[in-house]
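**Q** Pasted the sequence and its predicted model underneath.
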Amino acid sequence: MSTTTVADLLDRAELLTATLQRPHEPITLAEWRSFELTLRHLLHQLVATARTAEPEGSQSHAALVRLLNNYPRPAAPSRRRTSSPITTEATAPADPASTHALDRLTVAFGALADLLAVARDRNRDSQPNGSTLHARLTDTQTRPVIVQVLAIAAVAGRLAARDFFPEDNHVPESLACYAEHGLVLLGRDQPASSALLDLACHAPPQTPVGPNEELEAALRTWVDSARRELRHGIPSTDVLANIADQGLHLYATTDALLVHLASDDLPTGAVPNVRAQLRAGAIEMRRLEKLWAKVTTAAKPTHEYVAAATRIYQVLNQLTSAQPPPGDLDQHQAIHDLRHATADLAELTHIGQTVPDTLARSRLLFAPARILPTDVDRLHDRQLGRWTTVAPHEITTLRRQSAVATRAADRVHLTLTTLAGRRTHPEQAATPLARDLPRSPLSHELSPEAHLPSLA
Amino acid sequence: MQHDPPALTDAKPPASLLQEACVHLDIAAQQLVADQDVFSPNITMAGQLRLLRAGIQPGIRAVLEANDRDGALDHLDHALALLDILTGQDAAADLHVWTVLLSELRPTVEAATRTDVAPRPNQGARS
């Protein structure tokens, strides 16, 4: 299992917080400081202060930013030192090898912050407004996660305070108070549904063994290569066509695996709908691929991309050509990996959506003169069978089909996610920790920020 | 196998052996996907052929001729034969890489072009 989602990390964090209630080694100040700093970093990634909010959500976003700005300064411990577990070591990242529950909780939060930082960078670099990734990082989607994180922090702070001597327990309690006030302001009863929970990071095996690992490694290598290829100033249109083509292959493979799983433990009523969406998505990808194949930027695909595309082609082909699928293939895991790849595909097609316009406006997109509208300037090229530049108004079909294929890719991913039954649906209950916390704000006298912002 | 020169391209006559090889690859790809179901393995195979063709030289498209008697495998073989000639000459340094990748794809193309290939279970209505 080398795919980790936001939901996985939050589940782990909740479990680790619960273990703090059991007898454990006393928490040191250094461990607590590390937790405080990591939590701050995580909230910073969740709120994304630098982001320009949409006008309709600007007030709500400003309130989130104020909440982040009011993050308490580390409280100083008492000067009186007896046998208190408190030490004044310099703050350092939590040791990933530590077996202490708080250290492990800090590492889980750190991993979550890193995952979000990578996603934010990717979203900023590609500027795919309206993409699945962009939608996942909006305030609407981050807010339920912030609530869950604050709930964990509140509980962890209260439990950690037990490890400190009375004169020092204000150190974790000040953070607990901040988290509890944040929960009151954000509304702890809001549902835990969030598309952000499905955001994943991957660590594919370096030397894959068996069909599942082969599939995962091939998928990840291809997605990463495609992303790098699309970052080029002048991307190869053959790569853009191939991305659509590989997307079609992903759908065909998922469909082939579903055929064999349908009779087992999947809800039978849902499978025909998923298969219909896969086929519809494949048709749109095929149309997009045909349109990209008609134009060129005269840029070659890189060897790296071709190697990755060849590998994914071979791996998917092995899965679909063997009927039934290989006996040592974990089909559920394979569909799980393919589902995550469909999210990446939706992101890639979304990035590709902006490419035709950019290239055409820069006069870097070419097509055979014979397929373009007849023009006096093009007569000569037409007679000689040459390629000529394409004007922005002549790529309407490509532009429209890019948008249609992107929407279809989003639908396929959503349908597969629904089938997988992840916690991304509005009917899900509120996060357990947030729900179970006391209703009234606690320890007002301990709160360093009694004037936290109210949310619009 | 003896092949007639394919007078099928936008660029008439082919400016070089490299272009001619690319024309053959494009024809092979187009023949593989003719009237196929959207989940047919031939579509992705053709996509691989086109990607490799682009690696050799982007911006080569062929026009299918109605009375072309050669199949996709014949065109691929013709392209490989031309590339073999070129790799021994003053060709681009990476031409050998593309030729090897195309050679590796040949058995799959051969299997797909056999008439007795059974359809996949998920192949349904034609798109």
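**A** In hand now; what should we look at?
**Q** Contacts only, for the spatially most central residue of chain B.
**A** Nearest residue to the geometric centre of chain B (C-alpha atoms, centre = their mean): B:Leu25, 2.7 Å. Applying C-beta atoms under 8 Å, 6 or more residues apart in numbering or on different chains to B:Leu25 gives the contacts B:Leu49, B:Arg50, B:Leu52, B:Arg53, B:Ile56, B:His75, B:Leu76, B:Ala79, B:Leu102. Bear in mind the C-beta positions are built from the backbone N, C-alpha and C, glycine included.
**Q** Return the helix or strand in chain A with minimum mean pLDDT.
**A** Taking mean pLDDT, DSSP states H and E as the measure, the helix or strand of chain A with the lowest value is helix A:432-436, at a mean of 53.
**Q** Look up phi and psi at the residue nearest to the centre of chain B.
**A** Phi and psi for B:Leu25, reported as degrees, to the nearest 10, are phi -70, psi -40.
**Q** before we move on, what about A:Phe366?
**A** Reported as degrees, to the nearest 10, the phi and psi values for A:Phe366 are phi -120, psi 150.
**Q** distance of A:Leu359 from B:Gly55?
**A** Separation of A:Leu359 from B:Gly55 (C-beta to C-beta, to the nearest Å): 20 Å.
**Q** swap that for A:Ala408, please
**A** 28 Å.
**Q** again, but for A:Thr320
**A** Per C-beta to C-beta, A:Thr320 is found 24 Å from B:Gly55.
**Q** who's more crowded, the two?
**A** Taking neighbours as other C-beta atoms under 10 Å in any protein chain shown, A:Thr320 and B:Gly55 compare with B:Gly55 leading, 24 against 21.
**Q** just for the stretch 1-150 of chain A, where's the confidence low?
**A** A:1, A:49-57, A:75-91, A:126-130 (pLDDT under 70).
**Q** In it, what residue spans correspond to strands?
**A** Along the stretch 1-150 of chain A, counting by DSSP state E, counting those that start in this stretch, strands occupy A:3-5.
**Q** wait, A:Leu338 sits on A:Thr254?
**A** Yes: counting by C-beta atoms under 8 Å, A:Leu338 touches A:Thr254, with 4.7 Å between them.
**Q** Now do the helices in the stretch 301-450 of chain A.
**A** A:303-321, A:331-353, A:355-361, A:379-383, A:396-420, A:432-436 (DSSP state H, counting those that start in this stretch).
**Q** Out of those helices, which is closest to A:Asn273?
**A** Using C-beta to C-beta as the measure, helix A:396-420 is the one of these that comes nearest A:Asn273, at 6.8 Å.
**Q** shaky segments in chain B?
**A** B:1-15, B:35, B:88-91, B:115-127.
**Q** how much does the biggest helix by length in it deviate in direction from helix A:303-321?
**A** Criterion DSSP state H: the longest helix present in chain B is helix B:95-113. On the basis of axes from the mean of the first three to the mean of the last three C-alpha atoms, to 10 degrees, helix B:95-113 is oriented at 20 degrees to helix A:303-321.
**Q** Show me what helix B:95-113 is packed up against.
**A** Here helix B:95-113 touches helix A:303-321, helix B:17-33, helix B:41-56, helix B:72-87, going by 3 or more C-beta pairs under 8 Å, 6 or more residues apart in numbering or on different chains; DSSP states H and E.
**Q** can you rerun that using 7 Å?
**A** helix A:303-321, helix B:41-56, helix B:72-87 (3 or more C-beta pairs under 7 Å, 6 or more residues apart in numbering or on different chains; DSSP states H and E).
**Q** buried sites along the first one?
**A** Of the residues in helix A:303-321, those buried under the neighbour-count criterion (16 or more other C-beta atoms under 10 Å in any protein chain shown) are A:305-306, A:308-320.
**Q** now swap in stretch A:354-369 and tell me
**A** In stretch A:354-369, counting by 16+ other C-beta under 10 Å, buried: A:Thr354, A:Val355, A:Pro356, A:Leu359, A:Ala360, A:Leu364, A:Leu365, A:Phe366, A:Ala367, A:Pro368, A:Ala369.
**Q** which ones are touching the last one?
**A** To tie it back to what came earlier, the one meant is A:Ala369. Counting by C-beta atoms under 7 Å, 6 or more residues apart in numbering or on different chains, A:Ala369 touches A:Arg378, A:Asp381, A:Arg382, A:Arg386, A:Trp387, A:Thr388.
**Q** Quick check: the last one vs A:Phe366, distance?
**A** Distance of A:Thr388 to A:Phe366, given as C-beta to C-beta: 6 Å.
**Q** The fifth one too?
**A** If you measure A:Trp387 against A:Phe366 using C-beta to C-beta, the figure is 4 Å.
**Q** Low-confidence regions, the stretch 251-400 of chain A specifically.
**A** For the stretch 251-400 of chain A, the ranges with pLDDT under 70 are A:262-268.
**Q** what about the closest residue to chain B within it, neighbour count?
**A** Of all residues in the stretch 251-400 of chain A, the one sitting closest to chain B is A:Gly385 (3.8 Å; C-beta to the nearest C-beta). A:Gly385 sits with 15 neighbouring residues when counted by other C-beta under 10 Å.
**Q** how far out from the middle of the chain is stretch B:103-115?
**A** A distance of 11 Å separates the centroid of the chain from that of stretch B:103-115, by C-alpha atoms, centre = their mean, to the nearest Å.
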